[in-house]
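Chemist: this is the structure alone, sequence omitted:
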Ligand SMILES: [Ca+2]
């Protein structure tokens, strides 16, 4: 448990200022590209069946996976629809062009996942 964060600005809001604000072992999403805007930290790890309760459904334009697991980010809730795989401790600064897979695991190819992510699970 982090009791204090020296030198960092601490806000009462869960919003995350930038990619450096994404805590260890968390997944973070931002409404703008390049990890900008009022970011959102996934409340449960390692999966979120729906981003709707958090008001972040179909909003992410960039994301960072600050966990040791590869993660899948899905177009639909409950792991449905096309998805992108993001490796451990890495992010996607612009979701407008990503390498997508079909629900059956075959390659779909490059397309947008911008403002479409609805759920996330470990790969
Ligand atoms: Ca969606």
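Modeler: The structure has been received and is ready for your questions. The structure presented is a predicted model; accordingly, all values stated were derived computationally and were not measured.
Chemist: now for this structure, the helix or strand with the poorest mean pLDDT.
Modeler: strand 40-41 (a mean of 88; mean pLDDT, DSSP states H and E).
Chemist: can you list the strands that that one pairs with?
Modeler: Strand 40-41 has the following strand partners under DSSP bridges: strand 26-30 (antiparallel).
Chemist: tell me where the model's unsure across the chain.
Modeler: 1-17, 45 (pLDDT under 70).
Chemist: give me the residue from it nearest the ion.
Modeler: Of all residues in the chain, residue 118 sits closest to the ion, at 3.6 Å by CB to the ion. For every residue, glycine as well, the C-beta is placed using N, CA and C.
Chemist: need the contact list for that residue.
Modeler: By CB atoms under 8 Å, 6 or more residues apart in numbering, the contact set of residue 118 is 50, 51, 52, 57, 58, 74, 75, 76, 77, 80, 81.
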